[in-house]
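Visitor: Structure here, sequence nowhere to be found:
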């Protein structure tokens, strides 16, 4: 009977994780296709098809470094299998809730923040702070980023890096194209097939790995695997589901990313896509889970500031930034309350 409960709970949790992966896809689709649509380089249908192809390839070819980082945040192996898997399940519910809430209001918040917040919140409510691998002691003693500190550092550093990289790339490109004829816009639009494909690949290689890491964690907690590793079927499942999410499209957020921060023309779009793709792909290789939302939005701000700072819609930018600070506690609270519900109403113990 006990093994049946664990198996059923594991199946339910994996399904919920894949649902999160799906919401991640349609929530973040706007970050990838927003600029290419705003610059009229592609139609919505063309952009979604190109993105879907390279998004699918990202998790399969991008390695598992990010998955290992995400899987290493939780230290809940000493809890019973039922409780530990319920913790993960409730954390994912908090993440999904936040993704749907911000999507409904058209706010480009971070799925990565939501994932980390929901998981940490559920752990805190279930077992206490000592069951989160904070990594701050290792950072001080050994100057090494691990666990939550590695995730937090990536989420803080990446938007700053994206802003200034976008700023510099746009300055360089404007210098190289000085005196160019208006016909150069045709080349810039066509070039976005490459830069957007690179951005889609990098997004898949980073974001789908987060779900892959949580699924692998469930398999270990449930006793289905002896050690933490990501099986190929998990990679394939997460690739398929996040691609399905991308195909669904987060059109409510496209308006914000593509039109709400800066008036995007072909050069701006290409520079922002190039910036985002390079930073996200680099972070994936280092095992650092970054927010595509943060990187893409900050890159557009940097590009706009490089050209006409007064034309950047700072009011919309400040609205986006404010969600960065409330996403982790917000999704964490939902994840924690979900666990309390499971403990006291359903009777998880």
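Guide: All right, it came through fine. The structure presented is a predicted model; accordingly, all values stated were derived computationally and were not measured.

Visitor: Please name the residues that touch residue 323.
Guide: Contact analysis of residue 323 by CB atoms under 8 Å, 6 or more residues apart in numbering lists 102, 107, 108, 109, 110. To be clear about C-beta, it is placed using only N, CA and C from the backbone, and glycine gets the same treatment.

Visitor: err, residue 275, not the other one
Guide: 162, 165, 166, 169, 295, 299, 302, 303.

Visitor: and the last one, how many residues sit next to it?
Guide: When neighbours are counted by other CB atoms under 10 Å, residue 303 registers 32.

Visitor: Isn't it up against residue 265?
Guide: No - judged on CB atoms under 8 Å, residue 303 makes no contact with residue 265 at a distance of 10.1 Å.

Visitor: what do the two both touch?
Guide: Common contacts of residue 303 and residue 265, defined by CB under 8 Å, 6+ apart, are absent altogether.

Visitor: In terms of pLDDT, where does the residue nearest to residue 99 when sequence neighbours are not counted sit?
Guide: Spatial nearest neighbour of residue 99, excluding adjacent residues (CB to CB, 6 or more residues apart in numbering): residue 23 at 4.2 Å. Residue 23 is assigned 84 on the pLDDT scale.

Visitor: and the gap between residue 23 and residue 241?
Guide: 10 Å (CB to CB, to the nearest Å).

Visitor: and if you look at residue 102?
Guide: 19 Å.

Visitor: If you average pLDDT per helix and strand, which one of the protein comes out bottom?
Guide: Every helix and strand of the chain was ranked by mean pLDDT, DSSP states H and E. The lowest is helix 251-259, at a mean of 59.

Visitor: where does the stretch 1-150 of the chain dip in pLDDT?
Guide: 1-2, 106, 108 (pLDDT under 70).

Visitor: which stretches of it form helices?
Guide: 2-38, 44-61, 65-71, 81-104, 111-126, 136-142, 147-176 (DSSP state H, counting those that start in this stretch).

Visitor: in the last one, what counts as buried?
Guide: Residues 147-152, 154-155, 158-159, 161-167, 169-170, 173 are the ones in helix 147-176 that count as buried (16 or more other CB atoms under 10 Å).

Visitor: hang on, isn't residue 220 packed against residue 228?
Guide: Yes - Residue 220 is within contact range of residue 228, at 5.3 Å (criterion: CB under 8 Å).

Visitor: Helix, strand, or coil at the residue of the chain most remote from its centre?
Guide: No residue in the chain sits farther from the centre than residue 179, which is 38.6 Å out by CA atoms, centre = their mean. Here residue 179 is recorded as coil under DSSP: H, G, I helix; E, B strand; the rest coil.

Visitor: now it: how far from residue 189?
Guide: Distance, residue 179 to residue 189, by CB to CB: 19 Å.

Visitor: Repeat that for residue 112.
Guide: Between residue 112 and residue 189 the computed distance is 30 Å (CB to CB).

Visitor: more neighbours, the two?
Guide: When neighbours are counted by other CB under 10 Å, residue 112 comes out ahead of the other of residue 112 and residue 189, with 28 against 19.

Visitor: Count the residues that sit near the residue lying closest to that one once chain neighbours are set aside.
Guide: Leaving aside its sequence neighbours, residue 112 sits nearest to residue 291 (CB to CB, 6+ apart; 4.4 Å). By other CB under 10 Å, the residues close to residue 291 number 31.

Visitor: and if you look at the one 5 residues further on?
Guide: Neighbours of residue 296 under the rule other CB under 10 Å: 31.

Visitor: just the one 3 residues further on next, same as before
Guide: Residue neighbour count, defined by other CB under 10 Å, stands at 34 for residue 299.

Visitor: That one contacts residue 167, doesn't it?
Guide: No - in this structure, residue 299 is not within contact of residue 167 by CB under 8 Å, at 9.1 Å.

Visitor: Where do the helices of the stretch 201-349 of the chain begin and end?
Guide: Counting by DSSP H, counting those that start in this stretch, the helices of the stretch 201-349 of the chain are 232-248, 251-259, 266-285, 292-307, 314-341.

Visitor: Kindly report which one of the ones you listed carries the lowest mean pLDDT.
Guide: Across the helices of the stretch 201-349 of the chain, the lowest-scoring stretch is helix 251-259, with a mean of 59.

Visitor: still on that earlier bit, which of the helices of the stretch 201-349 of the chain has the highest mean neighbour count?
Guide: Among these, helix 292-307 has the highest mean neighbour count (mean count of other CB atoms under 10 Å), at a mean of 28.

Visitor: Just checking the distance from that one to the centre of its chain.
Guide: With CA atoms, centre = their mean, to the nearest Å as the basis, helix 292-307 stands 16 Å off its chain's centre.

Visitor: which helices and strands does that helix pack with?
Guide: Packing partners of helix 292-307 (3 or more CB pairs under 8 Å, 6 or more residues apart in numbering; DSSP states H and E): helix 2-38, helix 111-126, helix 147-176, helix 184-221, helix 251-259, helix 266-285, helix 314-341.

Visitor: go with 7 Å
Guide: Counting contacts by 3 or more CB pairs under 7 Å, 6 or more residues apart in numbering; DSSP states H and E, helix 292-307 packs against helix 2-38, helix 147-176, helix 266-285, helix 314-341.
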